[in-house]
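**Q** Give me a model of this one.
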Amino acid sequence: MSVDRISVSGPQSSAGIMGITSNTNLGGLKFNPRGVVLFAAVFIIVVKIADLLIARKMV
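**A** Take a look at the predicted model:
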């Protein structure tokens with residue numbers, strides 16, 4: 001009985017935390033690094049604004 005190893009993780013083995021690199025393919029979705037950085041920046045800004053609004057309502 002031969003086992004075909006089609007999904008051999010070659011470059012994936014040298015990946016960072018949780019196997020996520022700039023070219024990680026999650027469910028057919030490719031992340032480009034600039035998009036990830038942009039999303040992270042926008043996400044942080046949105047969270048800060050939400051935090052300010054919540055803090056203002058508490059006072």
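**Q** Poorly predicted segments of the protein, please.
**A** Within the chain, the ranges that satisfy pLDDT under 70 run 1-31.
**Q** Check which helix or strand Ala41 maps to.
**A** Ala41 is part of helix 33-58 when elements are defined by DSSP states H and E.
**Q** Could you list every helix and strand that that helix packs against?
**A** Using 3 or more Cβ pairs under 8 Å, 6 or more residues apart in numbering; DSSP states H and E, no helix or strand is in contact with helix 33-58. Bear in mind the C-beta positions are built from the backbone N, C-alpha and C, glycine included.
**Q** List the buried residues in that helix.
**A** Buried positions in helix 33-58, judged by neighbour count with 16 or more other Cβ atoms under 10 Å: none.
**Q** hey, C-alpha coordinates of stretch 44-51 in PDB?
**A** C-alpha atoms of stretch 44-51 as PDB (Å, rounded to 0.1, in the frame of the first residue of the first chain):
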ATOM      1  CA  ILE A  44      -6.000  49.100  16.100                       C
ATOM      2  CA  ILE A  45      -7.400  52.600  15.200                       C
ATOM      3  CA  VAL A  46     -11.000  51.200  15.300                       C
ATOM      4  CA  VAL A  47     -10.400  49.600  18.700                       C
ATOM      5  CA  LYS A  48      -8.900  52.800  20.100                       C
ATOM      6  CA  ILE A  49     -11.900  54.800  18.900                       C
ATOM      7  CA  ALA A  50     -14.300  52.300  20.400                       C
ATOM      8  CA  ASP A  51     -12.400  52.400  23.700                       C
END
